[in-house]
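**Student:** Just need the structure, nothing else, for what follows:
(one chain, ligands or ions: 1)
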Amino acid sequence: MTRRACVIGWPVEHSRSPVIHRYWLNEYGIDGAYEKEAVKPANLGRFLEELSGHGYVGANVTLPHKEAALGAAGAADAAALAIGAANTLWLDEKGALHASNTDAYGFVTNLDAEAPQWNDGVGLAMVLGAGGAARAILYGLLAAGVPRILLANRTKAKAEALARVFGPQIEVIDWDERAAKLSACGLLINSTSLGMTGQPPLDIDISALPGSAIVADIVYAPLLTPLLVESAKRGNAVVDGLGMLLHQAVPGFERWFGVRPHVTPALRAHVVATLGET
Ligand code: ATR
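**Tutor:** Coordinates of the predicted model:
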């Protein structure tokens, strides 16, 4: 029988997940399907209760449902609980709904793949932004052993709330201090939406950043954000946001379809080719 999964969002049209999962279904010759499901927030609980009735073995969850999906699941992994949000769901053989968050895994696995030296004694990292993406990244960096993280956000109270979740390894700094504090950082991460097509660029003077530092952006449209272009020009290793998106999809696909898929240059090229479409 055809195994089916979906991405649930509101709106959902922009989601790249179908492109990734359908590529793998085709690549591995699997009898499976991956759909988009536009579900209003008020209907999410009922939709998840009836996930199997809708014909699905599992789902990805995107905005604005990630927190509610965690609440709806009967079981959750450590990452989902710490991040307070789920992006991957599956039904076990008894029909119980399980929740996972693979964003931290995707972010760190992409760093491992694109800048394998990133964790060789990175003493201090700086994360810009304090939304859901930042929360997943903080969890991932701490789990990977990064000892200290500077966290800057326009709205400082949101950064302080994240620091309370993750503890004393997170040091909140003022948004205006971001440039000056770069001199001791081995890793700089933009987790804000700045630099995305249609948004202003991230406004930061990176002249104090060490040349050996790695710069990562979660924005993937454009692939090379103004931050990454400027960083690459001065010789910093740069990691774009597309890889996180590709790697976060791996655990869900394996769970639903029984094959652990590979993130390859061909998959990347395939997804890049669709980026201009919406
Ligand atoms: P996500 O969950 O995808 O991370 P989000 O919760 O909307 O998205 O967070 C977006 C991040 O981009 C936030 O850190 C936001 O800062 P605020 O918390 O102050 O809103 C940041 N951001 C968006 N526009 C910004 C701007 N013009 N200047 C500085 N930060 C900005």
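**Student:** Please count neighbours and contacts with C-alpha atoms only from this point.
**Tutor:** Fine.
**Student:** and residue 200, what pLDDT?
**Tutor:** At residue 200, the pLDDT value in this model is 95.
**Student:** Tell me the spacing between it and residue 23.
**Tutor:** Distance of residue 200 to residue 23, computed by Cα to Cα, to the nearest Å: 32 Å.
**Student:** More neighbours: those two, which one.
**Tutor:** Each of residue 200 and residue 23 has its neighbours counted (other Cα atoms under 10 Å); residue 23 has more, 16 against 11.
**Student:** how about the nearest residue to that one, chain neighbours excluded?
**Tutor:** Among residues not flanking residue 23 along the chain, residue 267 sits closest, at 7.2 Å (Cα to Cα, 6 or more residues apart in numbering).
**Student:** pLDDT value on the one you found, please?
**Tutor:** On the pLDDT scale, residue 267 gets 98.
**Student:** Number of residues surrounding residue 130?
**Tutor:** Neighbours around residue 130, by other Cα under 10 Å: 26.
**Student:** That one - that's part of a helix, no?
**Tutor:** No. Per DSSP: H, G, I helix; E, B strand; the rest coil, residue 130 lies outside any helix segment and is coil.
**Student:** Enumerate every residue touching it.
**Tutor:** 151-153, 158-159, 162, 191-192 (Cα atoms under 8 Å, 6 or more residues apart in numbering).
**Student:** With residue 33 instead?
**Tutor:** Contacts of residue 33 by Cα under 8 Å, 6+ apart are 2-5, 22, 25.
**Student:** and it, bridged to which residues?
**Tutor:** Beta-bridge pairing for residue 33 (DSSP bridges): residue 4.
**Student:** tell me the pLDDT at it?
**Tutor:** Model confidence at residue 33 (pLDDT) stands at 98.
**Student:** same deal with residue 278?
**Tutor:** On pLDDT, residue 278 comes in at 45.
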